[in-house]
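Student: Structure for the following, please:
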Amino acid sequence: MAVVAREFIIEPEDQARSELYDFLALVLARPAGAELLEQIAGLQGGDTPLGNALNVLARIAAVTTPETAEREFNALFVGLGRGELLPYASYYLTGFLNEKPLAKLRQDMAERGIERAEDKHEPEDNIASLMEMMAGMILGRFGKVTSLSEQKSFFNAHVEPWAIHFFTDLEAAGTSVFYGAVGSLGRQFMEIEAQGFDMISN
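Tutor: Predicted structure coming up:
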């Protein structure tokens, strides 16, 4: 996503949320290389379901080679013609690519001043881009820090209807070990976000 440089005071909890969104965006956008795998291997989570999922991912990253990560990524998302999973909101919600969910997202992006980066060519409703957008709204990358109620509106419209389903599928994917652990972390985080937003009045 194209970003606008701004300085804001971000609460520690929101900083942590944005970092996890950014992390998921990073690992789902392209195969994890050696440097990223080493960084993930050094992560430590707390004694919570989310923290335990992070700990499992860290242990798996420590024994995953870049070649293995690339092989898993390609089998999941590229494949011969298509991968095991199609990580797009339109596909999960309608069974087809480039449908109404993408059009609605583009309209919402325009209203919020979010522009697709010039080097991005796939549809904006892919899971990595949506994770990046959520992080950007929390941190004010698109010109202003987005309020929790506005974050909830975007999340409920474009993420919640399908992201838990996607991460559950990723967690259970037969071709994946490293990315299966990413799926577990993502599912836990999406469930926490959905529960947290449910507690916020519009």
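Student: all contacts plus neighbour counts: C-alpha atoms, from now on.
Tutor: Will do.
Student: SS state for the most centrally placed residue in the chain?
Tutor: The C-alpha lying nearest the average C-alpha coordinate of the chain belongs to residue 131 (Cα atoms, centre = their mean; 3.5 Å). With DSSP: H, G, I helix; E, B strand; the rest coil as the basis, residue 131 sits in helix.
Student: quick one: contacts of the longest helix along the chain?
Tutor: The longest helix of the chain (DSSP state H) is helix 178-198. Helix 178-198 is contacted from outside by 24, 27, 49-50, 53-54, 56-57, 60-61, 64, 69, 72-73, 148-149, 152, 160, 163-164, 167-173, using Cα atoms under 8 Å, 6 or more residues apart in numbering.
Student: Recalculate using a threshold of 7 Å.
Tutor: With contact meaning Cα atoms under 7 Å, 6 or more residues apart in numbering, helix 178-198 is reached by 50, 53-54, 56-57, 60-61, 69, 152, 160, 164, 167-168, 170-173.
Student: Equivalent analysis for stretch 34-54, please.
Tutor: Taking Cα under 7 Å, 6+ apart as the rule, stretch 34-54 contacts 55, 58, 59, 61, 62, 65, 66, 184, 185, 188, 189.
Student: Please convert those residues to CSV, extending it with distance to residue 19, pLDDT and neighbour count.
Tutor: As requested, the contacts of stretch 34-54 are exported to CSV (distance: Cα to Cα, whole Å; pLDDT from 0 to 100; neighbours: other Cα atoms under 10 Å):
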residue, distance to residue 19, pLDDT, neighbour count
55, 16, 98, 22
58, 16, 98, 24
59, 20, 98, 17
61, 18, 98, 26
62, 21, 98, 15
65, 24, 98, 17
66, 23, 98, 17
184, 17, 98, 25
185, 13, 98, 25
188, 15, 97, 20
189, 12, 98, 22
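Student: any idea which of those residues is the one closest to residue 85?
Tutor: residue 184 (15.3 Å; Cα to Cα).
Student: still on that earlier bit, which among the contacts of stretch 34-54 gets closest to residue 12?
Tutor: Distances from residue 12 to the contacts of stretch 34-54, taken by Cα to Cα, are shortest for residue 189, at 16.5 Å.
Student: Between the contacts of stretch 34-54, which sits nearest residue 138?
Tutor: Once Cα to Cα is applied, the member of the contacts of stretch 34-54 that ends up nearest residue 138 is residue 189, at 15.2 Å.
Student: how close does that closest one sit to residue 71?
Tutor: Separation of residue 189 from residue 71 (Cα to Cα, to the nearest Å) stands at 25 Å.
Student: One more: residue 119?
Tutor: Distance from residue 119 to residue 71, by Cα to Cα: 23 Å.
Student: Between these two, which is the more surrounded one?
Tutor: residue 71 (16 against 8; other Cα atoms under 10 Å).
Student: State the three-state secondary structure for that one.
Tutor: Strictly by three-state DSSP, residue 71 counts as helix.
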